[in-house]
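A.B. asks: okay, here's the prediction I keep looking at, along with the sequence it came from:
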Amino acid sequence: MFFIEKYIRGYESEKRTNTKTSNSLSSQLNDFDELCERVYHEFETDDNSKSEKEITKVERQINAIMGKKKERNYYRERIKNILVKAQLEDHFYPEWHENLISAIFEENWGYACLADYIYKHASYSDATVINGNIFYLIGDKYILQPQKISVKRLERFVKNILIFDKKQRFSSNANEIMLPNDVRVDVFKNKIVQGDGYVLTLRKITVADFSLEVQAEKNTIPDDPEVIGLLKETIKSGFNIAIVGAPGAGKTTFLKALWRYEDTTQQGVCIQDIPEIKPEEILPNTPIIPFIATEEGLKDMEMYIRRSNGAYVVVPEARTGMAYLMALEAASIGTSRCKVSSHVTFVLDFPRDVAEKICDVTRRDFRSTIVKVAKSYHFILELVKLGDQQSRKLASINEFIYDDRTHEISIRPVMLYDFDNNTWSFNDRVGDDKNTIGSRNNKQAFERFKNHLKSLNEKYPMDKVHAEAFVPYYGKLG
């Protein structure tokens with residue numbers, strides 16, 4: 001059962017007979033990998049011999065990964081005893097780990113050689129694993145890291161993180177797991193990838209909750225108090241908004257910034273398929289019901305949303321047809337101040353793209369669903385990431401208008417960003433429906449909204465050509 005002594009004899013023999021090779025980094029890494037495997041096997045064999053319940057082992061592993069002292073010390077002491085007994089306390093370990101005991105724990109039961117990305121490099125937002133190569137997003141560039149990860153170690157890493165989501169299966173071609181460290185891991189394997197069968201993407205979700213003032217300082221929005229006031233009063237006026245843009249455009253950060261200006265005396269509902277946003281951190285001491293739902297779970301959620309008596313519904317990062325359906329239902333039943341963020345890249349296509357996703361999972365009529373989307377979301381905010389991959393811009397604010405007489409959908413820009421001149425322009429015309437909705441929800445806030453927009457239009461007027469509403473290609477529904 002205890003075979004680490006066999007490893008020691010082999011290790012010492014190799015040191016004597018092939019010193020040059022064992023001193024090379026490649027050989028040292030192989031030695032370390034072999035040590036990890038033997039410690040792991042002895043550890044697991046000893047646990048099994050004690051007939052320890054599997055649930056106890058899993059709970060202990062979860063707590064240890066989360067850094068709880070009791071469970072962390074359990075692994076630390078067990079690993080240390082094995083190393084002391086084998087006289088290997090000074091064994092080589094890779095530089096990306098903190099120490100030998102931590103290295104063995106992470107490689108066997110934790111985050112493997114990605115632990116430094118998760119724990120150490122707070123500024124590295126993204127990481128990718130392809131064919132065993134590891135890349136970290138440093139600044140605006142993906143940089144190849146010195147560590148590599150084998151297929152066997154990748155499989156163990158994936159199994160380790162799957163313990164955080166009991167609904168997911170290792171046999172699936174794709175997994176999406178939210179780690180307790182606020183890191184989202186997407187795992188692709190088997191038939192849908194080439195190479196060694198594994199591709200992993202990791203993203204740290206805990207982005208800085210930049211206020212609108214900081215967004216202005218970073219030039220994401222115009223550095224003008226009137227613009228900040230306009231955005232705040234958009235929320236307070238009770239408009240339903242959608243934030244659209246490509247991945248990494250800053251939608252989550254912007255949603256958090258706007259969410260802060262909600263009425264803290266009103267109850268809200270937050271629907272997420274993966275808990276990337278923590279509502280209690282945005283509005284502490286505010287009643288926000290946090291629903292977590294999978295694609296299947298969302299089918300049963302409409303009733304619960306209606307019963308929750310929420311004054312508004314927030315759907316961060318809507319990805320699926322059912323998530324869009326819940327967002328649309330909330331926005332169209334009279335609930336004001338609803339918010340959704342979406343990966344729709346072209347703001348012009350928002351009603352059509354959302355309707356298409358909804359109709360893919362329901363039997364709803366496509367044309368009428370397009371109309372419902374256009375009528376339910378009052379303003380669409382478009383965020384873009386510029387070519388330097390660092391700068392984000394609020395590229396436009398738009399309103400969709402539905403004409404009940406002609407059955408046409410049109411779009412009119414309220415704000416536009418000029419990429420060539422790094423300037424914004426404003427249009428103070430909004431539809432009659434927006435005037436009705438704003439006055440009904442919060443007349444005082446809407447008056448301030450109109451005053452800000454009028455002032456901005458006077459300072460940064462939009463040219464007449466761009467200020468006119470136009471009908472998109474799918475807009476003629478009559």
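C.D. replies: Received, thanks.

A.B. asks: so where is the stretch 351-478 of the chain shaky, pLDDT-wise?
C.D. replies: Along the stretch 351-478 of the chain, the model assigns pLDDT under 70 to residues 388-390, 478.

A.B. asks: where along it do the strands fall?
C.D. replies: Secondary structure of the stretch 351-478 of the chain (DSSP state E, counting those that start in this stretch): strands at 379-385, 392-403, 408-418, 423-426.

A.B. asks: need those in JSON lines with mean neighbour count and distance to residue 456, can you?
C.D. replies: Every residue, glycine included, has its C-beta placed from N, CA and C. Output for the strands of the stretch 351-478 of the chain, formatted as JSON lines (neighbours: other Cβ atoms under 10 Å; distance: least, Cβ to Cβ, whole Å):
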{"stretch": "strand 379-385", "mean neighbour count": "23", "distance to residue 456": "14"}
{"stretch": "strand 392-403", "mean neighbour count": "22", "distance to residue 456": "11"}
{"stretch": "strand 408-418", "mean neighbour count": "20", "distance to residue 456": "8"}
{"stretch": "strand 423-426", "mean neighbour count": "20", "distance to residue 456": "4"}
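
A.B. asks: for the ones you listed, give me TSV that also has distance to residue 35.
C.D. replies: Shown next, in TSV, are those (distance: least, Cβ to Cβ, whole Å):
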stretch	distance to residue 35
strand 379-385	43
strand 392-403	45
strand 408-418	56
strand 423-426	59
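
A.B. asks: so which of the ones you listed gets nearest residue 236?
C.D. replies: Ranking the strands of the stretch 351-478 of the chain by proximity to residue 236 (Cβ to Cβ) places strand 379-385 first, at 13.3 Å.

A.B. asks: which other residues reach that closest one?
C.D. replies: Residues outside strand 379-385 that contact it (Cβ atoms under 8 Å, 6 or more residues apart in numbering) are 220, 234, 239-246, 248-251, 254, 347, 350, 391-400, 414.

A.B. asks: try stretch 181-195
C.D. replies: For stretch 181-195, the external contacting residues (Cβ under 8 Å, 6+ apart) are 118-119, 130-131, 158, 161, 173-179, 197-206, 274, 276.

A.B. asks: from those residues, which would you call buried?
C.D. replies: For the contacts of stretch 181-195, a burial check counting by 16 or more other Cβ atoms under 10 Å picks out 118, 158, 161, 175, 177-179, 198-205, 274, 276.

A.B. asks: any idea of the mean pLDDT for the helix or strand that residue 39 is a member of?
C.D. replies: Element membership for residue 39, per DSSP states H and E: helix 25-49. Here helix 25-49 scores 82 as its mean pLDDT.

A.B. asks: repeat for stretch 140-159
C.D. replies: The average pLDDT for stretch 140-159 rounds to 88.

A.B. asks: how far away from the center of its chain is it?
C.D. replies: With Cα atoms, centre = their mean, to the nearest Å as the basis, stretch 140-159 stands 20 Å off its chain's centre.

A.B. asks: select the longest helix from the protein.
C.D. replies: Using DSSP state H to define each element, the chain has its longest helix at helix 432-459.

A.B. asks: residue 432: neighbouring residues, count only.
C.D. replies: Neighbour count of residue 432, defined by other Cβ atoms under 10 Å: 8.

A.B. asks: just to be sure, residue 313 is in a strand?
C.D. replies: Yes: counting by DSSP: H, G, I helix; E, B strand; the rest coil, residue 313 is found in a strand.

A.B. asks: check contacts around it.
C.D. replies: 268-271, 305, 326-327, 330-331, 335, 338-339.
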